[in-house]
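S.K.: What follows is a predicted protein model with its sequence.
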Amino acid sequence: MKIILFLSLTLGVCSAFLPDDELTKSIARGKDIYAENCVTCHMGAGEGVAGTFPPLAKSDYLLKTPEKALKAIKFGQQGKIVVNGVTYEGMMPNPGLDNEEIADVMNYIQNSFGNSSKTVVTAKIVETIKQKE
């Protein structure tokens, strides 16, 4: 009985760490994707460029409406958005990333630059994001 209880507890504890391990790997991949595709406009610390490119650091837009942020990464963004009380009216081109890359970069952004999110974005979640709703 003690062995069964030990194994149950051990497996339960190990499986509890699996999602974090996957998130850690996704964030690492996302960091590279960010460096290749996003850093030019949103800058190295996610601070953006005042009045031109919105910040990702401590971004209310990103954390309060992640589905809109995912849509922008997947399809590009055009028109007005308000981030941290500042209106931005520009254009972000579609970066041409696949669903896994979008999930990875979103996981990186949501857990970097002073942001923190318990939500793990997956390729399946990204797949459900439609351009027009």
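M.R.: Ah, there it is. All values reported here derive from a predicted model rather than from experimental measurement.
S.K.: Using the three-state scheme, assign the residue nearest the centre of the chain.
M.R.: Nearest residue to the geometric centre of the chain (Cα atoms, centre = their mean): residue 106, 1.5 Å. Going by DSSP: H, G, I helix; E, B strand; the rest coil, the secondary structure assigned to residue 106 is helix.
S.K.: Equivalent analysis for residue 121, please.
M.R.: Assignment for residue 121 (three-state DSSP): coil.
S.K.: Tell me how far it lies from residue 32.
M.R.: 16 Å (Cβ to Cβ, to the nearest Å). Any C-beta I mention is one placed from the backbone N, CA and C, and that applies to glycine too.
S.K.: higher neighbour count, these two?
M.R.: Taking other Cβ atoms under 10 Å, residue 121 and residue 32 do not tie; residue 121 has more neighbours (25 against 13).
S.K.: Correct me if wrong: the more buried one contacts residue 109.
M.R.: No. When contacts are counted by Cβ atoms under 8 Å, residue 121 is not listed as touching residue 109 (9.6 Å).
S.K.: Mind jotting down where the strands sit in this structure?
M.R.: Taking DSSP state E, the strands of the chain run over residues 77-83, 86-92.
S.K.: buried sites along the last one?
M.R.: Under the neighbour-count criterion of 16 or more other Cβ atoms under 10 Å, strand 86-92 has 88, 92 buried.
S.K.: by contact count, what packs against that strand?
M.R.: Counting contacts by 3 or more Cβ pairs under 8 Å, 6 or more residues apart in numbering; DSSP states H and E, strand 86-92 packs against strand 77-83.
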